[in-house]
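>>> Coordinates only, no sequence provided:
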């Protein structure tokens with residue numbers, strides 16, 4: 001027993017020592033021992049762990065690349081939504097943001113935290129008792145992918161917090177990114193080997209984090225900067241300053257972005273922005289702007305969030321990168337709703353971190369407004385992940401050889417007539433699923449990741465299957481067999497087997513994803529969730545009138561008309577029935593709450609003791625209510641917790657009913 005105790009003590013001592021050396025090297029940039037000494041200690045620990053597997057720890061320094069490749073990513077649910085941040089693009093808009101903050105808080109002396117906006121991938125890290133236990137991507141803000149096996153390879157992320165008294169639970173959010181030097185080195189090596197190069201550091205980071213084999217991820221050498229503490233257990237003393245909380249994370253083992261600053265007032269924010277913009281090209285990482293946050297955590301809570309973004313933060317984007325090139329031709333693409341979109345074919349040009357050879361022209365009206373002609377020298381803009389666009393023509397370089405663009409009168413795919421849609425800038429092929437392009441795009445959308453998520457069934461393969469008339473609707477996907485797929489061009493037995501398995505796996509889905517996958521016009525993920533939550537079955541949705549649809553939050557007459565028309569069409573019903581007959585299913589809904597608050601609007605203000613703000617909102621929405629961020633004459637009730645803000649005054653002014661937390665809980669028991 002004494003020997004085993006000595007071995008364990010030696011292993012723990014080496015782990016702590018190596019973790020400290022990693023901290024000095026990666027976080028402080030001040031190594032205290034030569035690499036040879038570190039390597040010697042590392043090998044000692046590795047040998048001890050291999051000889052004593054009973055003392056294995058996933059958070060040992062030796063396990064940075066110790067995991068086997070996984071077969072697929074699991075989902076991870078965010079207890080607190082990972083919100084995005086609103087963007088502004090000019091000084092006036094940033095000043096408008098500051099003015100709104102000052103008006104809401106009724107004070108002008110506001111401290112801000114200014115941080116570079118990294119062009120990487122948002123990551124959530126969960127620690128329990130100081131140990132890294134889980135990591136996930138943002139995903140749709142509610143559900144992401146479990147990437148713990150890959151995150152463990154990032155040296156700037158501590159596997160164990162550097163504190164003797166760690167919080168029981170901690171969630172840190174930050175940005176995983178690929179440094180420019182690593183990006184350039186990897187691309188240089190890929191060119192030498194004749195391999196595909198990365199388009200930009202952001203794509204390289206995103207692709208690396210989605211590798212199934214962590215050894216590949218380790219070779220990519222990603223880095224990480226935290227940008228917030230999303231959750232920490234009670235009893236851990238933390239500053240109310242966001243900036244100082246980041247410094248606390250440094251003490252716990254995280255590397256903090258040295259380019260972050262806390263400043264006073266919006267003028268200082270503008271000065272910070274100009275300074276970082278001037279240094280943009282010399283930064284070690286890609287940055288596309290500055291994130292400005294109200295520094296006081298208590299003021300952040302007072303300001304709250306809107307539907308998809310916090311009111312206390314904004315991203316002031318750097319000017320979009322632009323370049324001049326020649327417009328070689330214009331082609332017309334047909335989308336899944338039949339809209340013909342003009343696409344510019346360009347002389348390839350490097351802009352915004354990528355080589356661009358195609359750009360959107362949006363629609364015929366926009367093309368006419370800019371007087372774009374084939375052969376023109378045009379200005380191309382590409383900012384981040386935004387689709388490249390032509391923002392104008394260099395008229396001074398126009399030659400007599402340029403040609404005006406002919407607007408098609410027939411669909412370029414099926415030759416059916418095209419029509420200009422009233423009150424729209426679009427021209428549309430009205431052939432529906434008769435048009436192979438619309439058929440193809442409808443199937444591509446159905447199989448896409450956010451819809452039915454059929455891995456391996458991508459654009460090119462679907463194009464083959466539609467061209468050979470194997471797929472004529474999404475329902476035909478479930479008739480695909482191994483022989484059919486294996487006989488296709490560039491398709492082997494293994495790939496065919498994987499697709500057959502993916503098709504089978506897709507049969508288990510959710511009602512919301514299925515509705516989104518159908519491709520109903522104007523029905524995105526959010527609207528699909530609203531429909532699924534309210535109706536809970538296809539039968540109920542089939543029987544809904546346009547008036548019933550319009551009664552739901554965020555569904556207006558246009559969207560209601562599209563939904564009703566789609567579900568009333570016999571051909572669409574037949575496809576849906578064929579899909580269900582193939583075995584597509586979703587969990588049966590739990591016992592449905594009575595929609596006793598349908599059509600009513602409530603506002604929450606102050607801190608509730610019994611429920612969190614998100615829990616209270618969820619309970620109200622489950623009863624059919626809409627939860628708003630502002631009080632108006634149409635508000636049915638304001639629910640007041642501890643330290644309410646100006647919303648309570650507004651409620652008194654407009655004579656809107658006010659409910660205490662006790663009132664609210666009593667009514668919930670009655671309503672539910």
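That came in fine, so what should we check first? All figures in this text were calculated on a predicted structure; none of them were measured in a lab. Numbering: from 1, shown residues only.

>>> Every contact and neighbour count from this point should use C-alpha atoms.
Will do.

>>> Would you state the helices of the stretch 101-250 of the chain in chain order?
In the stretch 101-250 of the chain, helices defined by DSSP state H, counting those that start in this stretch lie at 148-151, 180-193, 201-209, 214-220, 242-251, listed in chain order.

>>> Of all those helices, which one is nearest residue 485?
Between residue 485 and these, the shortest separation by Cα to Cα is 26.7 Å, and it involves helix 201-209.

>>> Now do the closest one: distance to the chain's middle.
Helix 201-209 has its average C-alpha position 14 Å from the chain's average C-alpha position, going by Cα atoms, centre = their mean, to the nearest Å.

>>> Can you get me a residue count around the nearest residue to residue 101 once chain neighbours are set aside?
What sits nearest to residue 101 in space, not counting adjacent residues and going by Cα to Cα, 6 or more residues apart in numbering, is residue 312, at 7.2 Å. Neighbourhood size, residue 312 [other Cα atoms under 10 Å]: 25.

>>> Do I have it right that residue 312 meets residue 298?
No - taking contacts as Cα atoms under 8 Å, residue 312 lies outside contact range of residue 298: 10.8 Å.

>>> Kindly state which of the helices of the stretch 101-250 of the chain is positioned closest to residue 580.
Nearest to residue 580 among the helices of the stretch 101-250 of the chain is helix 201-209; the distance by Cα to Cα comes to 33.8 Å.

>>> in that closest one, what's buried?
Using 16 or more other Cα atoms under 10 Å as the test for burial, helix 201-209 gives 201, 202, 203, 204, 205, 206, 208, 209.

>>> contacting residues for the fourth one?
For residue 204, the contacting residues are 178, 183, 198, by Cα atoms under 8 Å, 6 or more residues apart in numbering.

>>> Quick check, pLDDT for it.
pLDDT, residue 204: 81.

>>> quick one: it from residue 196, how far?
Distance of residue 204 to residue 196, given as Cα to Cα, to the nearest Å: 12 Å.

>>> repeat for residue 135
According to Cα to Cα, residue 135 stands 28 Å off from residue 196.

>>> what's the single longest helix in this structure?
helix 2-22 (DSSP state H).

>>> can you list the weak-confidence ranges in the stretch 51-200 of the chain?
Along the stretch 51-200 of the chain, segments meeting pLDDT under 70 span 63-72, 191, 194, 199.

>>> where do the strands sit along it?
Along the stretch 51-200 of the chain, the segments classed as strands by DSSP state E, counting those that start in this stretch run 75-77, 87-88, 111-118, 121-128, 131-137, 143-145, 169-177.

>>> Output these as TSV; include the columns mean neighbour count and distance to residue 646.
Shown next, in TSV, are those (neighbours: other Cα atoms under 10 Å; distance: least, Cα to Cα, whole Å):
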stretch	mean neighbour count	distance to residue 646
strand 75-77	16	33
strand 87-88	17	26
strand 111-118	23	21
strand 121-128	22	33
strand 131-137	22	36
strand 143-145	19	33
strand 169-177	21	30
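
>>> Serialize those to JSON lines and add fields for distance to residue 105.
As requested, the strands of the stretch 51-200 of the chain are exported to JSON lines (distance: least, Cα to Cα, whole Å):
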{"stretch": "strand 75-77", "distance to residue 105": "33"}
{"stretch": "strand 87-88", "distance to residue 105": "21"}
{"stretch": "strand 111-118", "distance to residue 105": "12"}
{"stretch": "strand 121-128", "distance to residue 105": "29"}
{"stretch": "strand 131-137", "distance to residue 105": "33"}
{"stretch": "strand 143-145", "distance to residue 105": "33"}
{"stretch": "strand 169-177", "distance to residue 105": "26"}
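
>>> so which of those strands comes closest to residue 330?
Closest among these, using Cα to Cα: strand 87-88, at 31.2 Å.

>>> residues making contact with the closest one?
So strand 87-88 is contacted by 94, 314, 315, 316, 317 (Cα under 8 Å, 6+ apart).

>>> Can you tell me which of those residues has the most neighbours?
Highest count within the contacts of strand 87-88 by other Cα under 10 Å belongs to residue 316, 24 neighbours.

>>> Just the closest of the contacts of residue 204 to residue 6, please.
Nearest to residue 6, judged by Cα to Cα, of the contacts of residue 204 is residue 178 at 40.8 Å.

>>> what sits against that closest one?
120, 201, 202, 204, 205, 220, 221, 222, 223, 285 are the contacts of residue 178 under Cα under 8 Å, 6+ apart.

>>> Adding distance to residue 604, write those out as CSV.
Converted to CSV, those look like this (distance: Cα to Cα, whole Å):
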residue, distance to residue 604
120, 34
201, 41
202, 38
204, 42
205, 39
220, 46
221, 45
222, 41
223, 39
285, 41
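
>>> And those, which two are furthest apart?
The largest separation in the contacts of residue 178, counting by Cα to Cα, is between 220 and 285 at 14.3 Å.

>>> follow-up on the earlier one: give me the pLDDT for the residue nearest to residue 101.
95.

>>> Just name the most buried of the helices of the stretch 101-250 of the chain.
Per residue and on average, the most neighbours among these fall to helix 148-151, with a mean of 26 (mean count of other Cα atoms under 10 Å).

>>> what's it in contact with?
Contacts for helix 148-151 (Cα under 8 Å, 6+ apart): 67, 133-136, 157, 209-211, 213-214, 217-218.

>>> how about a cut-off of 7 Å?
With Cα atoms under 7 Å, 6 or more residues apart in numbering as the test, helix 148-151 has contacts from 67, 134, 135, 136, 209, 214, 217.

>>> Now the fourth one: closest residue in space that isn't a chain neighbour?
Closest residue to residue 136 in three dimensions, ignoring its sequence neighbours and counting by Cα to Cα, 6+ apart: residue 146, at 4.5 Å.

>>> looking at it, that neighbour is touching residue 74, isn't it?
Yes - with contact defined as Cα atoms under 7 Å, residue 146 reaches residue 74; the gap is 5.4 Å.

>>> Neighbour count for those two, which is higher?
Per other Cα under 10 Å, whichever of residue 146 and residue 74 has more neighbours is residue 146, with 23 against 11.

>>> From residue 171, how far out is that one?
Residue 146 sits 14 Å away from residue 171, going by Cα to Cα.

>>> Quote the end-to-end distance of stretch 486-495.
By Cα to Cα, one end of stretch 486-495 lies 8 Å from the other end.

>>> Ramachandran coordinates for residue 614?
Here is the backbone geometry of residue 614 (degrees, to the nearest 10): phi -70, psi -40.

>>> Give me the local confidence score for it.
Residue 614 carries a pLDDT value of 75.

>>> Number of residues surrounding it?
Burial of residue 614 is recorded as 12 neighbouring residues (other Cα under 10 Å).

>>> any idea how far it is from residue 558?
Counting by Cα to Cα, the separation of residue 614 from residue 558 is 30 Å.

>>> again with residue 334
Noted for residue 334: a distance of 22 Å to residue 558, by Cα to Cα.

>>> between these two, who's got more neighbours?
The residue with more neighbours, out of residue 334 and residue 558, is residue 334; 23 against 12, by other Cα under 10 Å.

>>> and the closest residue to the more buried one other than its chain neighbours, which of the three is it?
Leaving aside its sequence neighbours, residue 334 sits nearest to residue 340 (Cα to Cα, 6+ apart; 4.7 Å). Classification of residue 340 using DSSP: H, G, I helix; E, B strand; the rest coil returns strand.

>>> Having no further points to raise, I will conclude here.
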